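Visitor: Okay, sequence plus prediction incoming.
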Amino acid sequence: MAESKNGTNGSGTKEAQEEQLGIQAQVVAQYIKDLSFENPNVERLLSGPGEDPNMQVEVNVNARKVQDELYESAIDFKAHAVNKNGTIYDMEIVYAGMFRIKNIPEEALEPFLLINCPALIFPFLRRLAADITREGGFPPLLLDPIDFGGLYVNRQKEAEKVKKTANN
């Protein structure tokens, strides 16, 4: 390639080159941050198949800056299964990913961390939840896909309601 007079390869400054690349996101690590599985009534459950469980599931997403261009995005997942005999199992998992993110506009960072990053690590959380329930002696818990965009929008609406209530 021919060099231009300013010493670059004709693409302009380093900043201009990075801008042309767009947002760059790299998964640096994925890990279990917290894990709890409780099977408190196994004696009663072994007496027979019983009724189908009532399943309560809760999903929250959080993110934080770790260092310059390095962020953690975590999915906080809870599943509580009960039937007439009591609690079948109680599972809590915080599954996180460490992401190196470059060239992202400030206004796009929060949605990226709370929508895109969890979507990347969710398949691993899904497999983990299925494995843990199976190893706990139950049929695997097969999670449906989660709309992290919808969760983000709901979170923003709740924050607006709280802000309006506080201002009144």
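Guide: Noted; the coordinates are in hand.
Visitor: how about the strands of the chain, start to end?
Guide: With DSSP state E as the criterion, the chain has strands at 24-38, 54-67, 70-83, 86-102.
Visitor: Mind giving me the packing neighbours of the longest one?
Guide: Spelled out, it's strand 86-102. With contacts defined as 3 or more Cβ pairs under 8 Å, 6 or more residues apart in numbering; DSSP states H and E, strand 86-102 has these neighbours: strand 24-38, strand 70-83, helix 117-135. In this view, the C-beta of every residue, glycine as well, is placed from N, C-alpha and C.
Visitor: on that earlier part again, need the strands of the chain in TSV with distance to residue 143 and mean neighbour count, can you?
Guide: Written out in TSV, the entries for these read as follows (distance: least, Cβ to Cβ, whole Å; neighbours: other Cβ atoms under 10 Å):
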stretch	distance to residue 143	mean neighbour count
strand 24-38	15	12
strand 54-67	8	13
strand 70-83	8	19
strand 86-102	11	19
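Visitor: mind checking which of those strands is nearest residue 164?
Guide: Ranking the strands of the chain by proximity to residue 164 (Cβ to Cβ) places strand 54-67 first, at 22.2 Å.
Visitor: so residue 38 makes contact with residue 89?
Guide: Yes - Residue 38 is within contact range of residue 89, at 6.4 Å (criterion: Cβ atoms under 8 Å).
Visitor: Which strand residues bridge the closest residue to residue 51 other than its chain neighbours?
Guide: Taking Cβ to Cβ, 6 or more residues apart in numbering, and ignoring the residues beside it in sequence, residue 51 has residue 83 as its nearest neighbour in space, at 4.9 Å. Note on residue 83: beta-bridge partners residue 86, judged by DSSP bridges.
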